[in-house]
Structures are given as structure tokens and as C-alpha cells.
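Participant: only geometry, no sequence info:
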């Protein structure tokens, strides 16, 4: 299933782009190229001087798809969406929620620097789960969130981890964890982060 999609897994989705109307299968390799470029920028420290904030998030999203969907790349969504069984916040709430998210994240990261352990894992779970729950963009929220997480890991001097589930069982656990995170329960996603870091 496409990330953040309300479509069934077998459905063919199409998107109007600067290269014409493309199916998601056609779009995927183009997005992958751009994600890799932004990941390299992250590894090179290109965003190191930038605060963790909404402007950075918008920049990451624009880097993924700015030349493909310029009308809405790097902009918060202006429409209402459904993501599986989750109803993300109303679009007019997104800018304020993103601002609050980064204020909360900044405080949590500050606490982590004084004592890692379980506090670190919950901070990473919050960083991922809350952003995906807000669902700030019309599309490609998963990709933008994974890039943001890569930047957070770099700043915390942690190794890169595999963020996408690799099999059906892992996908089910991940979806369950995200559903819990939608209810502000970070425990299942915290456990996933524990396994991710142990696997590095």
C-alpha cells in the first residue's frame, strides 16, 4: 500500500506531474532518486545549521518532489484526507500542529542529551508517529518523515536504521504501532525503535 494512502493495496493510483500523468509505479523510481539525493545531503551535513522546524520539513518535502509536483511540493496540505482508519487533523490545523510538534521534539531532544535509554527510544517514536499522524502533506508524508528521522539520527550521532518494514509481519506490527501513536501511545513504536537500533 502506498504510504499514507486511502486506496486499497491493489489499486492503481495516478498523479499529475510535470512529466505527465504518471502511475505511482512510474513515479516511484523518480521519487527514489530524489530521496537518495536528499539523504546524501543529510549525510553531508547540509542541514546541520538549520533548526529542526517546519521550514526544514518543508524543504525536505520539496527536495523529494519539487520538480515533479511544483504546485504543492513543500507546502502543507489544504485538503482533508483519510489514511486507512485514521482521520488526520483538519488542514487548517496543520501549520500550528507542526509548530507544536517541533517545539515538543526540541524539548524531548534536550532531555535525551541528559540521559538516553528509554527516553531516547520514546523521543524517536514520538518524532515518527506524531508527524505521520499529523500527515502534513497531500502525499509523500512517509518519505518526508523518514528523511526528517535521518536528520534527527544524524544530530543525535546515531547510526542510520532501516525504517521501512521489510515483510508482511513487520508491516502489520508497524501499522499497529502507528495506530497506537495516533492515540498518543508510543509504546509499540518505541519497541520497534529498540529493534531498529539493535539491528545496526
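Facilitator: Okay, I see it. Since the model is a prediction, treat every value here as computed from it, not as a measurement.

Participant: Now do the strands in the chain.
Facilitator: 14-17, 20-23 (DSSP state E).

Participant: out of those strands, which comes closest to residue 63?
Facilitator: strand 14-17 (15.6 Å; C-beta to C-beta). Yep, even glycine has a C-beta here, placed from its N, CA and C like the rest.

Participant: so what strands line up beside that closest one?
Facilitator: Paired strands of strand 14-17, with direction, are strand 20-23 (antiparallel) (DSSP bridges).

Participant: residues touching the closest residue to residue 97 other than its chain neighbours, list them.
Facilitator: Leaving out its chain neighbours, the residue that sits closest to residue 97 by C-beta to C-beta, 6 or more residues apart in numbering is residue 134, at 5.1 Å. Residue 134 makes contact with 88-89, 94, 97-98, 101, according to C-beta atoms under 8 Å, 6 or more residues apart in numbering.

Participant: gap between the residue positioned nearest the centre of the chain and residue 72?
Facilitator: For the chain, the residue nearest the mean C-alpha position is residue 145 (1.5 Å; C-alpha atoms, centre = their mean). Distance of residue 145 to residue 72, given as C-beta to C-beta, to the nearest Å: 17 Å.

Participant: rewinding a little: quick one: pLDDT of the residue nearest to residue 97?
Facilitator: pLDDT recorded at residue 134 is 98.

Participant: what's the answer for residue 152, then?
Facilitator: 97.

Participant: That one against residue 57, yeah?
Facilitator: No. Taking contacts as C-beta atoms under 8 Å, residue 152 lies outside contact range of residue 57: 11.3 Å.

Participant: More neighbours: which of those two?
Facilitator: In this view residue 152 and residue 57 are compared by other C-beta atoms under 10 Å, and residue 57 has more residues nearby, 23 against 18.

Participant: now the more buried one: how far from residue 32?
Facilitator: With C-beta to C-beta as the criterion, residue 57 and residue 32 are 20 Å apart.

Participant: how about the residue lying closest to the residue nearest to the centre of the chain once chain neighbours are set aside, what does it touch?
Facilitator: Counting by C-beta to C-beta, 6+ apart, residue 145 lies nearest to residue 131, which is 4.8 Å off, once chain neighbours are set aside. For residue 131, the contacting residues are 57, 101, 141, 145, 148, by C-beta under 8 Å, 6+ apart.

Participant: Would you tell me which of the strands of the chain gets closest to residue 61?
Facilitator: strand 14-17 (14.7 Å).
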